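# Model the following, please.
(chains A and B)
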Amino acid sequence: MKARLLALVVITALPLVGFDCIVSPFTVSINLDPLNGTYPIKPGATKYADSVIVNPGSLYNTSYELTGASVYDIKVSTSGRSNLGPCSGTIFVNGDTLLTFKGNWTDFSTPQSLLTSALMTRNAAGVTQLVNAVLSSQPVKLRAVGAVTNPLAGLNTDFVTVSAYVQAYGQLK
Amino acid sequence: MINTLRQALRPPVLICAASALLMMTGSLHAQSSLEDALKQYAATEVKGYIQPAGDLFGANLNAGLFHSAAVSPMGFHLKLEFIAMGSLVGDAQKTYTANAPAGFNPATFQTATVFGGKGAMVKDLATGFTYRGSDGVIVTTIVPLAVPQISIGDLFGTRLMVRLVATPKIGGDGGDGFPSSTLWGIGVQHSVSQYLPSVPLDIAGHFFYNRFRVGDLINVSGISIGAEASKSISVLTFYGGFAWEQSTMNLKYTPSNATEPLVDLTLDGANNFRFTLGLGLNLAFFSVFGDANFGSVTNFTAGIGFGI
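I've put the predicted structure just below:
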């Protein structure tokens, strides 16, 4: 793969002498794979609480030394066969509140984005905690605690999913 | 004259021509950074970042095709030329309008292209979330290219032009080597002034097709159709012309985000018309020439030739 885009550099960087016109180092904006947490609502339950551990190093090419990061979106969605009625939840990142959400279960069947949804409220301290965890490559513990109104019938398990979208900036080590 | 051409076509000369392409390689470190910068972008985003590269290289491919319109109705012409061309990187090639993430307000922002400086940051008005474009990779005022070109004719007022440079694969497997590359072009120049003997200028038309392929994933092609005129006074030849041209660059890679599909992108070069003004100096079997080309992209060529 390196050779493939090395070829692109041949096209885009044709110095008369050497390769002095290539900026080195230069900062690449890296869109990490989403930090996902999926939390089950078990049959008969009206409350849920669970944790997911995400290793930020698994979400990007770790040959980069990160110099900064920012969260650019957080989404909450529900999935399953049932309508569990009014629901709510709090998402924690390494113990700090990241966001709270409240609405009807079906409102979240289409992922709700923190950028546009009135059903979600973020906590700046939690966002900072998430960014710091990514920068320090520390494991991120995403914990969800919440409730639904209608207990889940049958044997199926429904889910609440939280996806945090982080962009990091880095240079090759 | 034949011995002159044999001298010109000796392996050292061909190696120099191939080296023009090989000299384009440099720090794998920086090149891997460009690779990762591109891989952050889905197909809809990378186009703006890399478009100027397609514009400028496409303009280079379609440059330096002719240095005279004097094509005889019937005669012997054989010339080997080494042509260098360069397209200027203007301010318009350094920034582009990028899309912010879905839901951001504002939805777009101006940020650096591959030739730009620092990537810009956009801030969502509602949440304060930020998103940043990648930095530009290449700091240069001109994007160069060099090619050898052979022209042969003249038969029924028509001259054939051919370009060819081929480099083998260099380095090991595992993606760290330099893939094989080929640049070739073919075209014809046809005398118009043979039909207009009373016109005191030499007039001709041309058609040329170029292709530059690197490995199996990079493919750039160009077409030029135009008309040119020239006038020789003593050893000087003044020439100029108009041309319609088209260039395309095809780019393929797999984005870092596994949810994004394979990028198979075709970029159309911005330069569709050019106006050329040039001057040549002809000394027996040796010539030197240079011209300026004006269109969406400003381009310059210069070179030397051996032959008649």
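# so where is chain A shaky, pLDDT-wise?
A:1-21 (pLDDT under 70).
# cool, and chain B?
Filtered on pLDDT under 70, chain B yields the residue ranges B:1-45, B:170-179, B:216-217, B:253-261.
# Outline the domain layout of it.
Structural domains assigned to chain B are B:2-44+B:55-89+B:140-307, B:92-139, following automatic domain parsing.
# Minimum distance to residue A:128: which of the ones you listed has it?
Smallest distance to residue A:128 across the domains of chain B (C-beta to C-beta): 11.6 Å, for domain B:92-139. (C-beta placed from N, C-alpha, C; glycine too.)
# now the helices for the stretch 201-308 of chain B?
Along the stretch 201-308 of chain B, counting by DSSP state H, counting those that start in this stretch, no stretch forms helices.
# and what of chain A?
A:2-12, A:124-135 (DSSP state H).
# So for the last one, what gets flagged as buried?
Think helix A:124-135. Using 16 or more other C-beta atoms under 10 Å in any protein chain shown as the burial criterion, the residues of helix A:124-135 that qualify are A:126, A:127, A:129, A:130, A:131, A:133, A:134, A:135.
# Go back to these and keep what's next to chain B.
Taking C-beta under 8 Å from any C-beta of the partner chain as the test, chain B is in contact with none of the buried residues of helix A:124-135.
# pull the longest helix from chain B.
Per DSSP H, chain B has its longest helix at helix B:43-61.
# Please tell me how far the closest residue to residue A:162 other than its chain neighbours sits from chain B.
Taking C-beta to C-beta, 6 or more residues apart in numbering or on different chains, and ignoring the residues beside it in sequence, residue A:162 has residue A:37 as its nearest neighbour in space, at 4.7 Å. Per C-beta to the nearest C-beta, to the nearest Å, residue A:37 is found 17 Å from chain B.
# Please list all residues in contact with residue A:37.
Contact analysis of residue A:37 by C-beta atoms under 8 Å, 6 or more residues apart in numbering or on different chains lists A:50, A:51, A:52, A:54, A:91, A:142, A:143, A:144, A:161, A:162, A:163.
# So which of those residues belong to strands?
Of the contacts of residue A:37, the ones assigned to strands by DSSP state E are A:50, A:51, A:52, A:54, A:91, A:142, A:143, A:144, A:161, A:162, A:163.
# what bridges to the fifth one?
The one in question is residue A:91. For residue A:91, the beta-bridge partners under DSSP bridges are residue A:99, residue A:144.
# show me what contacts it?
Residue A:91 is in contact with A:37, A:76, A:97, A:98, A:99, A:100, A:101, A:126, A:142, A:143, A:144, A:162, counting by C-beta under 8 Å, 6+ apart.
# swap the cut-off to 10 Å and go again
Contacts for residue A:91 (C-beta atoms under 10 Å, 6 or more residues apart in numbering or on different chains) come out as A:37, A:39, A:74, A:76, A:97-101, A:120, A:122-123, A:126, A:130, A:142-146, A:160, A:162, A:164.
# pretty sure residue A:62 contacts residue A:32?
No - checked against C-beta atoms under 10 Å, the pair residue A:62 and residue A:32 is beyond contact range at 11.2 Å.
# Which neighbours do the two have in common?
Shared contacts of residue A:62 and residue A:32 (C-beta under 10 Å, 6+ apart): residue A:56.
# Comparing the two, which shows the higher neighbour count?
Higher neighbour count among residue A:62 and residue A:32: residue A:32, with 21 against 13, using other C-beta atoms under 10 Å in any protein chain shown.
# one step back: if you look at the longest helix of chain B, does any of it touch chain A?
Yes - residues of helix B:43-61 are located near chain A by C-beta under 10 Å from any C-beta of the partner chain, namely B:45, B:50, B:52, B:53, B:54, B:56, B:57, B:58, B:60.
# wouldn't residue A:122 be in contact with residue A:90 here?
No - between residue A:122 and residue A:90 there is no contact under C-beta under 10 Å: 11.4 Å.
# follow-up on the earlier one: tell me the one among the ones in strands among the contacts of residue A:37 nearest to chain B.
The shortest approach to chain B among these belongs to residue A:163, at 11.0 Å (C-beta to the nearest C-beta).
# For residue A:103, see how far away the closest residue to the closest one other than its chain neighbours is.
Nearest residue to residue A:163 in three dimensions, chain neighbours excluded: residue A:34, at 4.3 Å (C-beta to C-beta, 6+ apart). To residue A:103, residue A:34 is 21 Å away according to C-beta to C-beta, to the nearest Å.
# got a list of what the residue most central in space within chain B touches?
In chain B, the residue lying closest to the centroid (C-alpha atoms, centre = their mean) is residue B:60, at 2.5 Å. Neighbour list for residue B:60: A:11, A:14, B:84-87, B:142-147, B:210, B:212, B:220, B:222, B:247, B:269, B:271, B:293, B:297, B:299, B:301 [criterion: C-beta under 10 Å, 6+ apart].
# Of those, which belong to strands?
Using DSSP E, the members of the contacts of residue B:60 that fall in strands are B:84-87, B:142-147, B:210, B:212, B:220, B:222, B:247, B:293, B:299, B:301.
# Whichever of the residues you listed count as buried, I'd like them selected in ChimeraX; how would that read?
Buried members of these, defined by 16+ other C-beta under 10 Å, are picked up in ChimeraX with:
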select /B:84,85,86,87,142,143,144,145,146,147,210,212,220,222,247,293,299,301
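# Run the chain-centre distance for stretch B:155-172.
14 Å (C-alpha atoms, centre = their mean, to the nearest Å).
# Now that stretch: buried residues?
Neighbour-count burial for stretch B:155-172 [16+ other C-beta under 10 Å]: B:157, B:158, B:159, B:161, B:163, B:165, B:167.
# May I have that stretch exported as CSV, CA atoms only?
Provided in CSV are the C-alpha atoms of stretch B:155-172 (Å, rounded to 0.1, in the frame of the first residue of the first chain):
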residue,chain,number,x,y,z
LEU,B,155,5.1,12.3,-45.1
PHE,B,156,2.2,14.1,-46.9
GLY,B,157,2.6,17.0,-44.5
THR,B,158,2.3,14.8,-41.4
ARG,B,159,4.8,14.2,-38.6
LEU,B,160,4.6,11.6,-35.9
MET,B,161,5.6,12.4,-32.3
VAL,B,162,6.3,9.7,-29.7
ARG,B,163,7.1,9.9,-26.0
LEU,B,164,8.3,7.0,-23.9
VAL,B,165,9.8,6.6,-20.5
ALA,B,166,9.7,3.3,-18.6
THR,B,167,11.2,2.5,-15.2
PRO,B,168,11.3,-1.0,-13.7
LYS,B,169,10.1,-1.9,-10.2
ILE,B,170,12.7,-0.9,-7.6
GLY,B,171,13.0,-2.3,-4.2
GLY,B,172,11.5,-5.3,-2.4
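# Endpoint to endpoint, stretch B:227-239 covers what distance?
Taking C-alpha to C-alpha, to the nearest Å, the first and last residues of stretch B:227-239 lie 11 Å apart.
# Residues in contact with it: which ones?
Contacts of stretch B:227-239 (C-beta under 10 Å, 6+ apart): B:65-71, B:189-190, B:192-193, B:199-206, B:240-244, B:276-284, B:287, B:289, B:291.
# Which parts of chain A are strands?
For chain A, strands defined by DSSP E occupy the ranges A:28-31, A:35-41, A:47-54, A:64-79, A:86-93, A:96-104, A:112-113, A:120-122, A:140-148, A:158-172.
# Of those strands, flag the one that's most buried.
Per-stretch averages of neighbours, counted by mean count of other C-beta atoms under 10 Å in any protein chain shown, single out strand A:28-31 among the strands of chain A, with a mean of 24.
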